[in-house]
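[1] Could you work out the structure for the sequence below:
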Amino acid sequence: MRTRFFFVNLSIFRNFARNDSKYNTMASEILSRLCCSGAGDVSSSLEDDTTTSIFSSLQVPKNQSWTYVPTGKCQLTAEFVPCKLLERAQVSDTTSILRFSLPDVNQPLNLSTCACILAKAAVTTEEDGKKRMEDVIRPYTPISTNDQIGSFDLLIRHYENGKMTQHLKHIKEGDDIDFKHIDFNVKIQAPAFAQYKFIGMIVGGTGITPMIQALHAIINSKEETQKTKVVVLYGSRDSTDILGGDLLTSWAKVHPEKLEVVHVLSNEPEKSSWTGKRGFISKELILEKFAPPSDGKEVLIMVCGPPPMYNVFCGPREAKELTGVLNGIGYNADQVYKF
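    Below you'll find the model as predicted:
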């Protein structure tokens, strides 16, 4: 177990240290400690340094337990409140983790499983050569758990033309972003996972964030979900763009009876060392990896990603009707959940 923890942390450092001087220094200090300490001290040294690190949300939690939080307990309410940016760190060329403070710094967020929160910011936009201020609101699912006290973490991909994501890319530590949580943003709840023998996840990009929350519940809960098998089909552009990859890999290695992760890369360089699947998530891959529609109420398929992914696999997120590849295979609307 110690060796596994060691590699999880080093792989994370490889992704960001070269781009961030602050964490480059941290990485150097930890590597220096490794060189000066005995092998038996490696795991505890890294664990002490990263338990509250901003990167801890992308690592297997130290406390591998999970507690159900019912709806209505979230610190964030139906009114927007300012939350201060405490820290930010670069995960890839296009993605960052942002840590925000909570109104009550002595309590966790207490967000129910897979629920999202709304962020609001006044953003400068330009139309017909005229600049104006516009309030932009976007939903995000935190990647941190309710074990984290006083703050929460968001995994943000900074799209080139994304109004909110570009704003979040350029805010500084100490700046405020307004957040709230409403009942409409409560998604499928963890106790419901226990009724399924198979859960398939079709994921693209930052669509992994609600799936991470679901997996925390499935993998770390008590006996009620031990019979649930999860297969994640995770589409990314290239191997440097896999968000939460170390966490998913660690979970799959420790709990192979519960979790299988299949990465599919659309733009991985041909000469790279990548030996996994290339191209796009396909009908054939779904047929190979997922339980069949004939398993009825024992099967749940979750879809989360950019709009084109919904259009291909299940139809627009806001549409109740099921269309696309999943409908063609034979799944029905009750078997598919659109995040």
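
[2] the bottom helix or strand of this protein by mean pLDDT?
    helix 42-50 (a mean of 35; mean pLDDT, DSSP states H and E).

[3] In which helix or strand does the residue most central in space within the chain reside?
    For the chain, Thr209 is the residue whose C-alpha lies nearest the centre (C-alpha atoms, centre = their mean; 2.2 Å). Per DSSP states H and E, Thr209 falls inside helix 208-220.

[4] And that helix, what's buried?
    By neighbour count on 16 or more other C-beta atoms under 10 Å, the buried set for helix 208-220 is 208-220. Just so you know, the C-beta spots here come from the backbone N, C-alpha and C atoms, and that holds for glycine as well.

[5] And for stretch 247-256?
    Those would be Leu247, Leu248, Thr249, Ser250, Trp251, Ala252, His255, for stretch 247-256 by 16+ other C-beta under 10 Å.

[6] Per-residue pLDDT of the first one, please?
    Put plainly, it is Leu247. For Leu247, the pLDDT comes out at 89.

[7] so is it in a helix, a strand, or just coil?
    Following DSSP: H, G, I helix; E, B strand; the rest coil, the label given to Leu247 is helix.

[8] quick one: it from Gly330, how far?
    Here the distance between Leu247 and Gly330 works out to 32 Å (C-beta to C-beta, to the nearest Å).

[9] about what we covered before: let's have the buried residues of helix 208-220 in a markdown table, adding pLDDT and distance to Pro307.
    What follows is these, written out as a markdown table (pLDDT from 0 to 100; distance: C-beta to C-beta, whole Å):
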| residue | pLDDT | distance to Pro307 |
| --- | --- | --- |
| Ile208 | 93 | 16 |
| Thr209 | 90 | 16 |
| Pro210 | 90 | 16 |
| Met211 | 92 | 17 |
| Ile212 | 91 | 21 |
| Gln213 | 89 | 21 |
| Ala214 | 90 | 21 |
| Leu215 | 90 | 24 |
| His216 | 87 | 26 |
| Ala217 | 85 | 27 |
| Ile218 | 87 | 27 |
| Ile219 | 85 | 29 |
| Asn220 | 77 | 31 |
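
[10] Make a markdown table from those residues and add distance to Lys229 to it.
    Below are the buried residues of helix 208-220 laid out as a markdown table (distance: C-beta to C-beta, whole Å):
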| residue | distance to Lys229 |
| --- | --- |
| Ile208 | 18 |
| Thr209 | 22 |
| Pro210 | 19 |
| Met211 | 15 |
| Ile212 | 17 |
| Gln213 | 18 |
| Ala214 | 13 |
| Leu215 | 12 |
| His216 | 16 |
| Ala217 | 15 |
| Ile218 | 9 |
| Ile219 | 11 |
| Asn220 | 16 |
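
[11] for those, which one is nearest Val325?
    Met211 (18.5 Å; C-beta to C-beta).

[12] residues contacting Lys169?
    Contact partners of Lys169, counting by C-beta atoms under 8 Å, 6 or more residues apart in numbering, are Ser96, Ile156, His158.

[13] Spell out which helix or strand contains it, please.
    Assessed by DSSP H and E, Lys169 sits inside helix 163-170.

[14] do the same with Ala119
    Going by DSSP H and E, Ala119 is part of strand 117-127.

[15] the helices in the chain, which residues?
    2-16, 21-36, 42-50, 163-170, 208-220, 245-254, 283-289, 307-313, 324-329 (DSSP state H).

[16] Now do Val91 against Val136, distance only.
    The value you get for Val91 to Val136, if C-beta to C-beta is used, is 23 Å.

[17] More neighbours: which of those two?
    Val91 (23 against 17; other C-beta atoms under 10 Å).

[18] And that one, how close does it get to Ile171?
    For Val91 relative to Ile171 (C-beta to C-beta), the value is 17 Å.

[19] Quick check: which ranges of the stretch 101-250 of the chain have low pLDDT?
    Applying pLDDT under 70 to the stretch 101-250 of the chain flags residues 221-226.

[20] rewinding a little: which residue, other than its chain neighbours, is closest to the residue nearest to the centre of the chain?
    Setting aside the residues directly before and after it, Thr209 is nearest to Thr141 in space (C-beta to C-beta, 6 or more residues apart in numbering), at 4.2 Å.
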